[in-house]
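[1] Using only what follows, build the 3D model:
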Amino acid sequence: MSESTQKTVPQKQGPILAGDGVGVEDDNPFHVTYSGDLGAWMAHHNVSLAFTTYTAGKVVLIGPGLAGNIAVSERNFGHAMALRVTETGLYLSTEHQVWRFENGLEPGCHLDGWDRIYMPRRCDVTGAVDVHDIHIDRDGRLLVAVTLYNCLAELDGKGSFSPVWRPSFISEIANEDRCHFNGFCLEDGEAAYATVIGASNTAAGWRKMRADGGLVIDIRTDKIVAEGLAMPHTPRMHRGELYVLEAGSGWFGRIDRTAGQFERLCWFPGFLRGLSFHGDYAVLGLSKPRNKIFAGLPLDEELSNRGREPECAVYVVRLSDGAVCHTLTITGSVEEIYDTAVLAETRQPLLVGLEGDEIGKYVAVGPDRSGRKAAE
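    A predicted model of the protein is given here:
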């Protein structure tokens, strides 16, 4: 891949060969194969898609392109996990940091073939605490799910993180992944719902609860909203509904908060993580198993009964009827997806990485507060 790590191909061509290195040959690339009308869908909605893979340590952006050709760009970030899009940029969690990126281009401007350039602006150094989810609440607080310490925390610069909530069954803030608190979401700008794999208060105790110990908890009241789930992941509020990925079964659905039930919408052949929305569409990620089979999980039986092989992919699903509208299949060196995101108002975005010359190439000047008028 060239220094810009951009690939554009006509809509009807085959897989895109990808492998970031910013000018360095990648000896372990991956391929991205998309359904024929994915580009037209992104162009119609004026959006691009993004996904992370922590095993390969990459962030991948795919858009419809400015010239009508699919454009894929990618960057290396060690242990890339949670994505959170803002009006002007995005956040990314990595092995030891949470990075903030801001678009360096003025609205309507293009530079070097890009219509949005996400530039690194700031990072919070958390240490290796396993940040699984990121949100900005109505007070502007940067909130994260700190999985290793079983808590919701604020990144306020007063420590690696400042705990603001933990499940009622967690007795203390300790560096033991006891319940695998892996996601949360906001409602009306307030931290509202959390997902955990199991109500364990001992180190790694959640692992024995993967098949049916999963909970959805109301952060505001500590009430259990739903239980008996197989590794629930990525809770999200959208249009007044609470959606959840039941990763351990392959089912995408929503929570009936009155009845306390998980309502299945559609099934997918993979371990589900990463859920984002655009209007009547959901974008979700699928991963293959790490050890050939999903041992001890309902998903393994689901795959066998349906005669399906597990996939590493990103799916676009229509919420009104559960129909799969578009697919983005990943093969080669990437076998796991962690998070997905929809990038609005962009067709060819670039995420500026930390490797090579690129980080020094792009400079955006902020407001001039020097108090001196430009020379006439």
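[2] any chance you could map the strands in the stretch 101-250 of the chain?
    In the stretch 101-250 of the chain, strands defined by DSSP state E, counting those that start in this stretch lie at 116-125, 131-136, 142-146, 151-154, 162-165, 181-187, 190-196, 214-218, 224-229, 232-238, 241-246, listed in chain order.
[3] Among these, which comes closest to residue 311?
    Nearest to residue 311, of all the strands of the stretch 101-250 of the chain, is strand 241-246, at 14.6 Å by CB to CB. Glycine gets a C-beta too; all of them are placed from N, C-alpha and C.
[4] Give me the distance from the closest one to the chain's centre.
    Strand 241-246 has its C-alpha centroid displaced from the chain centroid by 15 Å (CA atoms, centre = their mean, to the nearest Å).
[5] Going forward, the N-terminal residue is numbered 752.
    In the new numbering, first residue 752, that becomes strand 992-997.
[6] Quick one: mean pLDDT for the following helix or strand past it?
    The helix or strand immediately downstream of strand 992-997 is strand 1002-1007, counting by DSSP states H and E. For strand 1002-1007, the mean pLDDT works out to 98.
[7] Next, format the strands of the stretch 852-1001 of the chain as CSV and append distance to residue 809, mean neighbour count and mean pLDDT.
    Below are these laid out as CSV (distance: least, CB to CB, whole Å; neighbours: other CB atoms under 10 Å; pLDDT from 0 to 100):
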stretch, distance to residue 809, mean neighbour count, mean pLDDT
strand 867-876, 15, 18, 96
strand 882-887, 17, 23, 98
strand 893-897, 21, 24, 98
strand 902-905, 26, 22, 98
strand 913-916, 30, 16, 98
strand 932-938, 20, 23, 98
strand 941-947, 25, 24, 98
strand 965-969, 28, 23, 98
strand 975-980, 29, 20, 98
strand 983-989, 19, 23, 98
strand 992-997, 21, 23, 98
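[8] As TSV, those strands with distance to residue 1008 would be great.
    Output for the strands of the stretch 852-1001 of the chain, formatted as TSV (distance: least, CB to CB, whole Å):
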stretch	distance to residue 1008
strand 867-876	32
strand 882-887	19
strand 893-897	20
strand 902-905	19
strand 913-916	19
strand 932-938	10
strand 941-947	9
strand 965-969	8
strand 975-980	6
strand 983-989	11
strand 992-997	6
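[9] mind checking which of those strands is nearest residue 843?
    strand 882-887 (8.2 Å).
[10] Restrict that closest one to CA atoms and write it as PDB.
    Listed next in PDB are the C-alpha coordinates belonging to strand 882-887 (Å, rounded to 0.1, in the frame of the first residue of the first chain):
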ATOM      1  CA  VAL A 882     -10.900   0.100  28.200                       C
ATOM      2  CA  HIS A 883     -13.800  -1.500  26.400                       C
ATOM      3  CA  ASP A 884     -16.200   1.400  25.800                       C
ATOM      4  CA  ILE A 885     -16.300   5.200  25.500                       C
ATOM      5  CA  HIS A 886     -19.000   7.900  25.800                       C
ATOM      6  CA  ILE A 887     -19.200  11.600  26.500                       C
END
